[in-house]
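*Asks:* The following block contains a protein sequence and its predicted model.
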Amino acid sequence: MDLISRISHHFQDSAQTKLDAVELLAAPIAQAVETMVGCLVNDGKILACGNGGSAADAQHFAAELVGRFEAERQELAAIALTTDSSILTAIANDYAYNVIFAKQVRALGRSGDVLLAISTSGNSGNVIEAIQAAHDADMRVVALTGKGGGKIGEMLREGDVHLCVPAERTARIQEVHLLSIHCICDGIDCLLLGVEE
């Protein structure tokens with residue numbers, strides 16, 4: 001296969017994966033928006049975590065809320081738990097890598113807050129630990145997964161939201177996660193500001 005054909009295939013596969021996911025994900029994305037807006041209007045905050053590309057997605061999400069998405073508005077409380085290298089390396093060194101997010105959730109999370117937990121496989125150990133810490137703190141969880149949802153899909157409880165991309169390929173799952181994050185940010189702005197366009 002030549003490069004042009006290969007690249008074209010990626011575009012087509014990505015677009016088809018998104019189209020295949022819309023019917024399954026539209027309602028839970030709307031639920032995630034409502035959950036997060038409820039948290040924010042009650043002076044809560046959203047904590048976000050993930051590994052690798054999912055860490056980048058967590059940071060992207062927090063940046064859109066603290067800064068802005070597409071409309072000017074007040075700053076919204078969101079923290080990516082993936083950014084403080086001193087905290088991450090101290091916890092990983094002194095305890096275990098599996099608790100790098102959970103310890104931050106226990107330190108920063110409060111009842112009524114929301115954890116955005118991102119794992120393409122649904123099996124990331126440190127994200128699982130963060131979800132358990134969030135549940136212990138009476139926080140709600142919005143989980144972005146793929147590949148059937150893995151262990152994360154099994155541990156979510158009533159009031160949590162599961163956005164499970166119906167795909168197996170990590171790159172495609174990540175692409176739908178990013179679109180879902182943009183939909184969540186747009187939905188938050190829509191509910192808070194009445195943005196229609």
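*Replies:* Received it, and whenever you're ready, just let me know what you need.
*Asks:* Low-confidence ranges, the chain, go.
*Replies:* The model of the chain has pLDDT under 70 over residues 1, 195-197.
*Asks:* ok, longest helix in it?
*Replies:* In the chain, with assignment by DSSP state H, the single longest helix is helix 3-41.
*Asks:* helices or strands up against that helix?
*Replies:* Packing partners of helix 3-41 (3 or more C-beta pairs under 8 Å, 6 or more residues apart in numbering; DSSP states H and E): strand 46-49, strand 114-118, strand 140-146, strand 161-165, helix 170-193. In short, each C-beta sits where N, CA and C put it, glycine included.
*Asks:* Could you provide these in CSV, with additional columns for distance to Gln74?
*Replies:* Putting the helices and strands packed on helix 3-41 into CSV (distance: least, C-beta to C-beta, whole Å) gives the following:
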stretch, distance to Gln74
strand 46-49, 15
strand 114-118, 18
strand 140-146, 21
strand 161-165, 24
helix 170-193, 8
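*Asks:* Relative to Thr17, which of the ones you listed is closest?
*Replies:* Taking C-beta to C-beta, helix 170-193 is the member of the helices and strands packed on helix 3-41 nearest to Thr17, at 4.4 Å.
*Asks:* just how off-centre is that closest one within its chain?
*Replies:* Taking C-alpha atoms, centre = their mean, to the nearest Å, the mean C-alpha location of helix 170-193 is offset from the chain mean by 9 Å.
*Asks:* and the angle from that helix to helix 3-41?
*Replies:* Using axes from the mean of the first three to the mean of the last three C-alpha atoms, to 10 degrees, one finds that helix 170-193 and helix 3-41 are set 40 degrees apart in direction.
*Asks:* Tabulate the CA atom coordinates of helix 170-193 in PDB.
*Replies:* Provided in PDB are the C-alpha atoms of helix 170-193 (Å, rounded to 0.1, in the frame of the first residue of the first chain):
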ATOM      1  CA  THR A 170      -6.200   2.500  20.500                       C
ATOM      2  CA  ALA A 171      -5.700   5.400  18.000                       C
ATOM      3  CA  ARG A 172      -9.400   5.300  17.000                       C
ATOM      4  CA  ILE A 173     -10.500   5.200  20.600                       C
ATOM      5  CA  GLN A 174      -8.300   8.200  21.400                       C
ATOM      6  CA  GLU A 175      -9.700  10.100  18.400                       C
ATOM      7  CA  VAL A 176     -13.300   9.500  19.600                       C
ATOM      8  CA  HIS A 177     -12.200  10.400  23.200                       C
ATOM      9  CA  LEU A 178     -11.000  13.800  21.900                       C
ATOM     10  CA  LEU A 179     -14.200  14.400  20.000                       C
ATOM     11  CA  SER A 180     -16.200  13.400  23.100                       C
ATOM     12  CA  ILE A 181     -14.100  15.900  25.200                       C
ATOM     13  CA  HIS A 182     -14.900  18.600  22.800                       C
ATOM     14  CA  CYS A 183     -18.600  17.700  22.900                       C
ATOM     15  CA  ILE A 184     -18.500  17.900  26.700                       C
ATOM     16  CA  CYS A 185     -16.800  21.300  26.600                       C
ATOM     17  CA  ASP A 186     -19.300  22.600  24.100                       C
ATOM     18  CA  GLY A 187     -22.200  21.200  26.200                       C
ATOM     19  CA  ILE A 188     -20.900  22.800  29.300                       C
ATOM     20  CA  ASP A 189     -20.700  26.200  27.600                       C
ATOM     21  CA  CYS A 190     -24.200  25.600  26.100                       C
ATOM     22  CA  LEU A 191     -25.800  24.900  29.500                       C
ATOM     23  CA  LEU A 192     -23.900  27.700  31.300                       C
ATOM     24  CA  LEU A 193     -24.000  30.400  28.700                       C
END
